[in-house]
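*Asks:* build the 3D model from these lines:
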Amino acid sequence: MGGEKLIRRVNQQVTLLFCNNGTSETARGITFNFNNYLNLKPLHKKKLNQRFLEWFIGFTEGKGSFIILKNKVYFGITQNLDNIQVLYDIKKQLGFGKVLIRKESSPSAGAVIRREGVFYVTPGPKGENFHRLITIFNGNLCSKNKKEQFKN
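*Replies:* All right, here's what the predicted structure looks like:
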(Lines give C-alpha, C1' and ligand atoms only; values in the text may rest on other atoms or scores of the structure.)
Protein backbone atom coordinates (compact mmCIF):
# COMPACT_ATOMS: atom_id res chain seq x y z
CA MET A 1 0.00 0.00 0.00
CA GLY A 2 1.47 3.40 -0.98
CA GLY A 3 1.14 6.56 1.10
CA GLU A 4 -1.38 8.04 -1.32
CA LYS A 5 -3.80 5.14 -0.85
CA LEU A 6 -3.52 5.44 2.92
CA ILE A 7 -4.40 9.12 2.84
CA ARG A 8 -7.57 8.50 0.87
CA ARG A 9 -8.81 6.08 3.53
CA VAL A 10 -8.55 8.57 6.38
CA ASN A 11 -11.66 8.81 8.50
CA GLN A 12 -11.64 12.10 10.42
CA GLN A 13 -13.54 12.11 13.69
CA VAL A 14 -12.90 14.38 16.63
CA THR A 15 -14.64 15.12 19.88
CA LEU A 16 -14.75 18.81 20.76
CA LEU A 17 -16.22 20.36 23.85
CA PHE A 18 -16.47 24.14 23.70
CA CYS A 19 -16.98 26.36 26.70
CA ASN A 20 -16.56 30.06 27.36
CA ASN A 21 -14.01 30.69 30.08
CA GLY A 22 -15.08 34.29 30.65
CA THR A 23 -12.39 35.82 28.44
CA SER A 24 -12.23 36.65 24.77
CA GLU A 25 -10.70 33.24 24.10
CA THR A 26 -12.53 29.94 23.93
CA ALA A 27 -11.29 26.94 25.89
CA ARG A 28 -11.50 23.62 24.12
CA GLY A 29 -11.44 20.18 25.63
CA ILE A 30 -10.32 17.66 23.04
CA THR A 31 -10.24 13.91 23.31
CA PHE A 32 -7.03 12.72 21.66
CA ASN A 33 -6.58 9.12 20.61
CA PHE A 34 -3.10 7.78 19.85
CA ASN A 35 -3.86 4.05 20.11
CA ASN A 36 -3.11 3.38 16.43
CA TYR A 37 0.14 5.35 16.60
CA LEU A 38 1.23 3.42 19.69
CA ASN A 39 1.50 0.27 17.55
CA LEU A 40 3.43 2.05 14.77
CA LYS A 41 5.80 4.37 16.62
CA PRO A 42 9.48 3.89 15.77
CA LEU A 43 11.03 0.98 17.68
CA HIS A 44 13.73 3.19 19.19
CA LYS A 45 11.03 5.33 20.85
CA LYS A 46 10.30 3.30 23.99
CA LYS A 47 7.48 5.43 25.40
CA LEU A 48 4.59 7.32 23.88
CA ASN A 49 4.93 11.00 24.79
CA GLN A 50 1.27 12.02 24.69
CA ARG A 51 1.98 15.54 25.92
CA PHE A 52 4.37 16.12 23.01
CA LEU A 53 1.92 14.62 20.49
CA GLU A 54 -0.87 16.90 21.72
CA TRP A 55 1.47 19.92 21.42
CA PHE A 56 2.59 18.72 17.97
CA ILE A 57 -1.00 18.54 16.74
CA GLY A 58 -1.67 22.09 17.98
CA PHE A 59 1.56 23.36 16.44
CA THR A 60 0.64 21.68 13.15
CA GLU A 61 -2.80 23.30 13.23
CA GLY A 62 -1.04 26.66 13.22
CA LYS A 63 2.19 26.07 11.30
CA GLY A 64 1.96 22.74 9.46
CA SER A 65 0.84 21.84 5.97
CA PHE A 66 -0.34 18.71 4.23
CA ILE A 67 0.69 19.31 0.64
CA ILE A 68 0.00 17.64 -2.69
CA LEU A 69 2.29 18.97 -5.41
CA LYS A 70 2.89 17.39 -8.81
CA ASN A 71 1.20 14.14 -7.72
CA LYS A 72 3.47 13.91 -4.68
CA VAL A 73 2.29 14.27 -1.14
CA TYR A 74 4.23 15.47 1.86
CA PHE A 75 3.88 17.04 5.29
CA GLY A 76 5.87 20.11 6.25
CA ILE A 77 6.38 22.72 8.95
CA THR A 78 8.35 25.87 8.13
CA GLN A 79 10.07 28.15 10.62
CA ASN A 80 12.47 31.05 10.29
CA LEU A 81 16.05 30.21 11.17
CA ASP A 82 15.72 31.88 14.59
CA ASN A 83 13.28 29.09 15.52
CA ILE A 84 14.87 26.18 13.66
CA GLN A 85 15.61 24.34 16.93
CA VAL A 86 11.90 23.58 17.31
CA LEU A 87 12.07 21.62 14.04
CA TYR A 88 15.00 19.56 15.28
CA ASP A 89 13.10 18.94 18.52
CA ILE A 90 10.07 17.71 16.57
CA LYS A 91 12.28 15.35 14.55
CA LYS A 92 13.90 14.03 17.72
CA GLN A 93 10.60 13.53 19.56
CA LEU A 94 8.93 11.78 16.62
CA GLY A 95 12.00 9.75 15.72
CA PHE A 96 11.56 10.38 11.99
CA GLY A 97 11.40 13.13 9.38
CA LYS A 98 14.03 15.47 8.00
CA VAL A 99 15.06 19.07 8.60
CA LEU A 100 16.56 21.19 5.86
CA ILE A 101 17.41 24.82 5.33
CA ARG A 102 15.72 26.23 2.27
CA LYS A 103 16.62 29.39 0.40
CA GLU A 104 13.94 31.33 -1.43
CA SER A 105 14.45 34.42 -3.53
CA SER A 106 11.74 37.00 -3.90
CA PRO A 107 11.87 38.78 -7.26
CA SER A 108 9.25 41.30 -6.14
CA ALA A 109 11.44 42.36 -3.20
CA GLY A 110 14.52 42.99 -5.35
CA ALA A 111 15.93 39.43 -5.28
CA VAL A 112 16.01 39.24 -1.49
CA ILE A 113 16.97 35.75 -0.40
CA ARG A 114 15.05 34.35 2.54
CA ARG A 115 16.38 31.36 4.43
CA GLU A 116 14.07 29.19 6.51
CA GLY A 117 14.03 25.79 8.13
CA VAL A 118 11.65 23.05 7.08
CA PHE A 119 10.72 19.84 8.87
CA TYR A 120 9.19 17.45 6.36
CA VAL A 121 8.01 13.90 5.92
CA THR A 122 7.40 12.19 2.58
CA PRO A 123 5.81 8.78 2.05
CA GLY A 124 9.15 7.28 1.01
CA PRO A 125 9.50 3.80 -0.50
CA LYS A 126 7.61 1.95 2.22
CA GLY A 127 5.43 4.82 3.48
CA GLU A 128 6.04 3.90 7.13
CA ASN A 129 6.70 7.40 8.46
CA PHE A 130 3.82 8.91 6.52
CA HIS A 131 1.55 6.21 7.89
CA ARG A 132 2.79 7.11 11.39
CA LEU A 133 1.80 10.73 10.76
CA ILE A 134 -1.62 9.64 9.58
CA THR A 135 -2.21 7.75 12.84
CA ILE A 136 -1.12 10.80 14.87
CA PHE A 137 -3.44 13.22 13.08
CA ASN A 138 -6.41 11.01 12.20
CA GLY A 139 -9.29 12.05 14.45
CA ASN A 140 -7.14 14.52 16.38
CA LEU A 141 -7.30 17.66 14.23
CA CYS A 142 -9.63 20.53 15.13
CA SER A 143 -9.54 23.24 12.48
CA LYS A 144 -11.69 22.89 9.41
CA ASN A 145 -8.80 23.97 7.16
CA LYS A 146 -6.36 21.37 8.47
CA LYS A 147 -8.99 18.64 8.41
CA GLU A 148 -9.63 19.42 4.74
CA GLN A 149 -5.90 19.48 3.89
CA PHE A 150 -5.45 16.18 5.72
CA LYS A 151 -8.45 14.58 4.07
CA ASN A 152 -7.19 15.50 0.58
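*Asks:* for the protein, what spans make up the helices?
*Replies:* Ranges of helices within the chain are 3-8, 35-38, 50-63, 84-94, 128-137, 144-151, based on DSSP state H.
*Asks:* closest one to F119 among those helices?
*Replies:* helix 84-94 (4.0 Å; CB to CB). To be clear about C-beta, it is placed using only N, CA and C from the backbone, and glycine gets the same treatment.
*Asks:* tell me the helices and strands packed up against that closest one.
*Replies:* Helices and strands touching helix 84-94, by 3 or more CB pairs under 8 Å, 6 or more residues apart in numbering; DSSP states H and E, are helix 50-63, strand 72-80, strand 98-106, strand 112-121.
*Asks:* one more time with 6 Å, if that's ok
*Replies:* Packing partners of helix 84-94 (3 or more CB pairs under 6 Å, 6 or more residues apart in numbering; DSSP states H and E): strand 98-106, strand 112-121.
*Asks:* wait, K45 sits on L94?
*Replies:* No - counting by CB atoms under 6 Å, K45 stays clear of L94, with 7.9 Å between them.
*Asks:* between these two, which one's more packed in?
*Replies:* For K45 versus L94, the count of surrounding residues by other CB atoms under 10 Å is larger for L94: 21 against 13.
*Asks:* of the helices of the chain, flag the one that's most buried.
*Replies:* With neighbours defined as mean count of other CB atoms under 10 Å, those peak in mean count at helix 128-137, which reaches a mean of 21.
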